[in-house]
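Enquirer: My questions are about this predicted structure, shown below with the sequence.
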Amino acid sequence: MQLENIKEHIPAKLYEVISQNIEELRPAQTKAIENGLFEGKNLLICTPTASGKTLIAEMACIKNILERKGKAVYIVPLKALANEKFKEFKKKYGSFLKIALSIGDMDSSDPYLMDYDLIFTTSEKLDSLTRHHSPWLKYIKTVIVDEIHLMNDPGRGPTLEILITILRKLLSNLQIIGLSATIGNPEELAEWLGAHLVVDDWRPVKLEQGVYLEGRIDFSK
């Protein structure tokens, strides 16, 4: 699908930013749009690394913010990744959106976040914010859950699962976008999320498997 084909379906400011580097959408991005990305549908995106998952999340949250549907929260598993995403989005959208990073004090409700449109955080921090009954939580429209397969992780999985459950109960009109390259039970997880499942195996660089021995690689056929 050509990016130009969705020009009428997204805000002009969003189109202006993404059209600077993109002319054609990747397969997973096209499938996400066809499965209701712009209609507020929950989606579970299960595609390889570098296949374009971030842009799917980006289009959903920025579109909803610009259309004044509500705030967006982008959940990542690590503080370092939250910093990285924050800087990336701040560079692209900081001129017309208020973007925040919330990964610090676990004993604060961070009331200042009321004034921000897009918030990058970890599941542990957002869990803390829900327990502190942060008043701005009711304005969330879009939640992006990066590396959602970590729900199977015995350490942080329960926190993420409980957090998603709480947010779904608190927010009746919430759009959840789950992202992962490796989900063992995508159909089951999609059903639990009430989400459309988007699966695709396209990757920008072909993956080859081989055996290295004495300076030579024999690739499997």
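Expert: Received it, and whenever you're ready, just let me know what you need. Numbers count the residues shown, from 1 in each chain.
Enquirer: for this structure, what spans make up the strands?
Expert: For the chain, the strands defined by DSSP state E cover 43-46, 71-76, 99-102, 118-122, 140-146, 175-180, 196-199, 210-213, 216-219.
Enquirer: now these as JSON lines including mean neighbour count?
Expert: (Each C-beta comes from the backbone N, C-alpha and C, glycine too.) Listed next are those as JSON lines, based on neighbours: other Cβ atoms under 10 Å:
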{"stretch": "strand 43-46", "mean neighbour count": "26"}
{"stretch": "strand 71-76", "mean neighbour count": "25"}
{"stretch": "strand 99-102", "mean neighbour count": "20"}
{"stretch": "strand 118-122", "mean neighbour count": "25"}
{"stretch": "strand 140-146", "mean neighbour count": "23"}
{"stretch": "strand 175-180", "mean neighbour count": "25"}
{"stretch": "strand 196-199", "mean neighbour count": "19"}
{"stretch": "strand 210-213", "mean neighbour count": "9"}
{"stretch": "strand 216-219", "mean neighbour count": "8"}
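Enquirer: Can you add distance to Leu189 and give these back as CSV?
Expert: Converted to CSV, those look like this (distance: least, Cβ to Cβ, whole Å):
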stretch, distance to Leu189
strand 43-46, 6
strand 71-76, 15
strand 99-102, 26
strand 118-122, 20
strand 140-146, 10
strand 175-180, 7
strand 196-199, 8
strand 210-213, 32
strand 216-219, 33
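Enquirer: Now render these as a markdown table, adding mean pLDDT and distance to Thr165.
Expert: Shown next, in a markdown table, are the strands of the chain (pLDDT from 0 to 100; distance: least, Cβ to Cβ, whole Å):
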| stretch | mean pLDDT | distance to Thr165 |
| --- | --- | --- |
| strand 43-46 | 96 | 16 |
| strand 71-76 | 97 | 14 |
| strand 99-102 | 96 | 21 |
| strand 118-122 | 96 | 17 |
| strand 140-146 | 97 | 12 |
| strand 175-180 | 96 | 11 |
| strand 196-199 | 96 | 19 |
| strand 210-213 | 85 | 43 |
| strand 216-219 | 84 | 45 |
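Enquirer: just so I know, which of those lies nearest Leu37?
Expert: Nearest to Leu37, of all the strands of the chain, is strand 43-46, at 6.3 Å by Cβ to Cβ.
Enquirer: Residues in a beta bridge with the residue nearest the centre of the chain, which ones?
Expert: Centroid-nearest residue in the chain, with Cα atoms, centre = their mean: Ile144, separated by 3.4 Å. Taking DSSP bridges as the rule, Ile144 bridges to Tyr74, Ile177.
Enquirer: Tell me the spacing between it and Leu179.
Expert: Here Ile144 is placed at a distance of 7 Å from Leu179 (Cβ to Cβ, to the nearest Å).
Enquirer: Now the common contact residues for those two.
Expert: Common contact partners of Ile144 and Leu179 (Cβ atoms under 8 Å, 6 or more residues apart in numbering): Ala57.
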